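Trainee: Everything below, folded, please.
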Amino acid sequence: MDSRIKELFGTSKTIVLLGEAGSGKSEVGLNLAEMLAAEYPEIAVEMFDLDQTKPLFRARDFLEHNTGLPFVLHYQKQLMDSPVLVSGIEDAVLAPDRRVLLDIGGGAHGVQTLGQFEELLNANDHVVLYLINPYRPWSGTREDFLVTMDEIKHISGLSRMCFAANPNHGPDTTFEDITEGLRRIRENLGVEPAFLCTLDEFADEARAVTGLPVLPLRIRLATSRVELMNVL
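Mentor: As a prediction, this is how the structure comes out:
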């Protein structure tokens, strides 16, 4: 784990993952939870899947096909189309021996689920990680980005927000996709990310070329670009 990323998350009790649909919150969250569990074996790592919308990929989908995880993944199955909020968040955030990740799906709409935890999170050490994938329809222009950010800040009331670049097309992502996506984030959106997320195979090259700390990802959920377009 790069020192900048370790510094950012190693001192944060709770990590809130936000971003537009398709930004990669669940994918990054699963990888980050695994890394934190390995880096800090003395602390229990717990991830809460709080997706209240109909996402393309969910952290809970990974759990249903994998056992023996080094962290605990909490989720609540939905009844038909009715979202159900998983319990135990307050206990986990207040427990001194736990590191908590909250995976919030659905952009500004999904962040409404955080309203009841605003006071709790702001009273504890937390960081809000906002993921940007410029290849998603709602993250391509500065206007779209600022509108979404204003909505999220207003609804959540959370502080300590940082940005991470996650330019990707799923498993089909090329290194050129990553560098072009980072250029769009910097030039089109006017954002300098705290770090860059890339497929594991591109991590070393990305560090050397971009000068950013890199969070290497192993694909857990996403399908190929062709499969993704069929879903959309």
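
Trainee: Look up phi and psi at the most centrally placed residue in the chain.
Mentor: For the chain, the residue lying nearest the average C-alpha position, counting by C-alpha atoms, centre = their mean, turns out to be residue 25 (2.9 Å). Listed backbone geometry of residue 25 is phi -60, psi -50, with angles given as degrees, to the nearest 10.

Trainee: That one: what's it in contact with?
Mentor: With contacts defined as C-beta atoms under 8 Å, 6 or more residues apart in numbering, the neighbours of residue 25 are 17, 18, 19, 103, 104, 105, 131. No exception for glycine: its C-beta is placed from N, CA and C like everyone else's.

Trainee: do you know how far it is from residue 88?
Mentor: Separation of residue 25 from residue 88 (C-beta to C-beta, to the nearest Å): 20 Å.

Trainee: isn't residue 104 right next to residue 51, touching?
Mentor: Yes: applying C-beta atoms under 8 Å as the test, residue 104 and residue 51 come out as touching, 7.4 Å apart.

Trainee: what ranges do the helices span in the protein?
Mentor: In the chain, the segments counted as helices under DSSP state H are 3-10, 25-39, 59-63, 89-94, 107-110, 118-123, 142-156, 175-187, 203-210, 225-231.

Trainee: winner for burial among the ones you listed?
Mentor: Relative to the other members of these, helix 25-39 carries the highest mean neighbour count by mean count of other C-beta atoms under 10 Å, namely a mean of 22.

Trainee: could you give the angle of that one to helix 3-10?
Mentor: Here the directions of helix 25-39 and helix 3-10 differ by 90 degrees (axes from the mean of the first three to the mean of the last three C-alpha atoms, to 10 degrees).

Trainee: Quick check: the gap between residue 145 and residue 97.
Mentor: The value you get for residue 145 to residue 97, if C-beta to C-beta is used, is 37 Å.

Trainee: typo on my end, it should be residue 22
Mentor: Distance from residue 22 to residue 97, by C-beta to C-beta: 34 Å.

Trainee: Kindly report the same for residue 137.
Mentor: Shown here: residue 137 relative to residue 97, a distance of 41 Å by C-beta to C-beta.

Trainee: ok, these two, which is more surrounded?
Mentor: Neighbours of residue 137 and residue 97, each counted by other C-beta atoms under 10 Å, are more numerous for residue 137; the result is 11 against 7.

Trainee: Now do the contacts for that one.
Mentor: Applying C-beta under 8 Å, 6+ apart as the definition, residue 137 turns out to have no contact partners.

Trainee: Residue 5 too?
Mentor: Shown in contact with residue 5 (C-beta under 8 Å, 6+ apart): 195, 213, 215.

Trainee: isn't the second one right up against residue 195?
Mentor: It refers to residue 213. Yes: with contacts counted by C-beta under 8 Å, residue 213 reaches residue 195, the gap being 4.1 Å.

Trainee: Spell out which residues are contacts of both of these two.
Mentor: Residues touching both residue 213 and residue 195 (C-beta under 8 Å, 6+ apart) are 2, 4, 5.

Trainee: Now, the contacts of residue 5 that are in strands?
Mentor: Secondary structure defined by DSSP state E assigns 195, 215 of these to strands.

Trainee: among the contacts of residue 5, who's most crowded?
Mentor: Compared across the contacts of residue 5, residue 215 has the highest neighbour count, 25 neighbours, by other C-beta under 10 Å.

Trainee: For it, name its beta-bridge partners.
Mentor: In this structure, residue 215 has the following beta-bridge partners (DSSP bridges): residue 197.

Trainee: Quick check: pLDDT value at residue 97.
Mentor: The predicted structure scores residue 97 at 90 on the pLDDT scale.
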